[in-house]
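Asker: Okay, structure incoming, though there's no sequence with it:
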């Protein structure tokens with residue numbers, strides 16, 4: 001009896017076919033003109049990190065905040081944690097030049113006030129997913 005071989009990583013990682021997260025990545029990829037897929041990265045000092053989206057060349061990192069339903073204050077924490085992760089990855093991973101977070105329409109409330117200003121000034125692109133496509137957050141280009 002032979003031992004089972006490890007299966008190849010799924011192209012979409014933990015995202016199910018047709019999931020909101022998969023649709024967000026497809027929409028942002030279409031907007032950027034490059035495919036984006038989940039990826040696992042191994043960094044210095046043995047740190048391993050999952051990114052919810054990255055292009056094949058490793059120049060774009062993406063995090064998703066796909067929360068649905070009634071807005072909760074914890075969504076703001078998720079947005080800020082994802083932006084912090086993106087800033088770190090842009091600095092720590094050679095070749096990464098672009099960082100983007102995609103939020104659901106419901107989650108835009110987390111970007112009121114200083115959070116959106118900080119994202120813009122630190123170069124984290126924020127996109128809003130409307131169920132079909134993405135558009136830059138108001139005030140970002």
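Answerer: Yep, it's here. It should be emphasised that the depicted structure is a prediction, and the values quoted were computed from it without experimental measurement. Numbers count the residues shown, from 1 in each chain.

Asker: tell me which element the residue most central in space within the chain is part of?
Answerer: Compute the mean C-alpha point of the chain, and by CA atoms, centre = their mean the closest residue is residue 63, 1.5 Å away. Assigning secondary structure by DSSP states H and E places residue 63 in strand 60-65.

Asker: part of a helix, is residue 51?
Answerer: No. Under DSSP: H, G, I helix; E, B strand; the rest coil, residue 51 falls outside any helix and is assigned strand.

Asker: That one contacts residue 88, doesn't it?
Answerer: No. When contacts are counted by CB atoms under 8 Å, residue 51 is not listed as touching residue 88 (11.0 Å). C-betas here are computed from N, CA, C, even on glycine.

Asker: Between the two, which has more neighbouring residues?
Answerer: A side-by-side neighbour count of residue 51 and residue 88, using other CB atoms under 10 Å, places residue 51 first with 24 against 15.

Asker: still on that earlier bit, wait, the residue nearest to the centre of the chain touches residue 52, no?
Answerer: Yes. Using CB under 8 Å, residue 63 is in contact with residue 52, at 5.2 Å.

Asker: Just to be sure, residue 31 is in a helix?
Answerer: Yes. Membership of residue 31 in a helix is supported by three-state DSSP.

Asker: which non-adjacent residue is nearest it?
Answerer: If you skip the residues right next to it in sequence, residue 31 has residue 134 as its closest partner in space, 5.2 Å away by CB to CB, 6 or more residues apart in numbering.
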